[in-house]
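Asks: Got a predicted model here, sequence first, then my questions.
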Amino acid sequence: LKYVSPAGHRILTFFLYLSDVEEGGETYFNKLDLAVKPKKGKALVWPSVRDDNPTYWDARMFHEAKDVIKGKKMAANHWIHMNDYHTPNDWGCTGSFT
């Protein structure tokens, strides 16, 4: 799946678990059949684009947050973009200053 924006692709995701979860709340990567249990202080880093062509999303990295059954899930994430993110973000939805 090809996607282009002024900021470029989100090339990496950094995801930090800020709490333990008693049951559920895994980050589940569907195509890899991989579930990561939340644990306070644990961090995940994954690529969002393909190595052979970073203008295409890597479908293997599509993921979802499973429902928390018991406890509370708190986390923080940071997206690393290929290009300058701040300037296009300041432009808003139009992509220009006018």
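Replies: Perfect, I can see it now.
Asks: so where's this protein shaky on pLDDT?
Replies: The model of the chain has pLDDT under 70 over residues 1-7, 85-98.
Asks: Next up, the contacts around the residue nearest to the spatial centre of it.
Replies: For the chain, residue 13 is the residue whose C-alpha lies nearest the centre (Cα atoms, centre = their mean; 4.3 Å). Residues in contact with residue 13 (Cβ atoms under 8 Å, 6 or more residues apart in numbering) are 44-46, 48, 61, 77-80. Bear in mind the C-beta positions are built from the backbone N, C-alpha and C, glycine included.
Asks: what's across from it in the sheet?
Replies: residue 46, residue 79 (DSSP bridges).
Asks: From the contacts of residue 13, keep the buried residues only.
Replies: 46, 48, 61 (16 or more other Cβ atoms under 10 Å).
Asks: Distance-wise, check the nearest residue to the second one once chain neighbours are set aside relative to residue 44.
Replies: This means residue 48. The shortest distance from residue 48 to any non-neighbouring residue, by Cβ to Cβ, 6 or more residues apart in numbering, is to residue 10 (4.8 Å). For residue 10, the distance to residue 44 equals 14 Å [Cβ to Cβ, to the nearest Å].
Asks: picking up where we left off before, just send the contacts of residue 13 back as a markdown table, with distance to residue 17 too.
Replies: Shown next, in a markdown table, are those (distance: Cβ to Cβ, whole Å):
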| residue | distance to residue 17 |
| --- | --- |
| 44 | 8 |
| 45 | 13 |
| 46 | 14 |
| 48 | 19 |
| 61 | 18 |
| 77 | 10 |
| 78 | 13 |
| 79 | 17 |
| 80 | 18 |
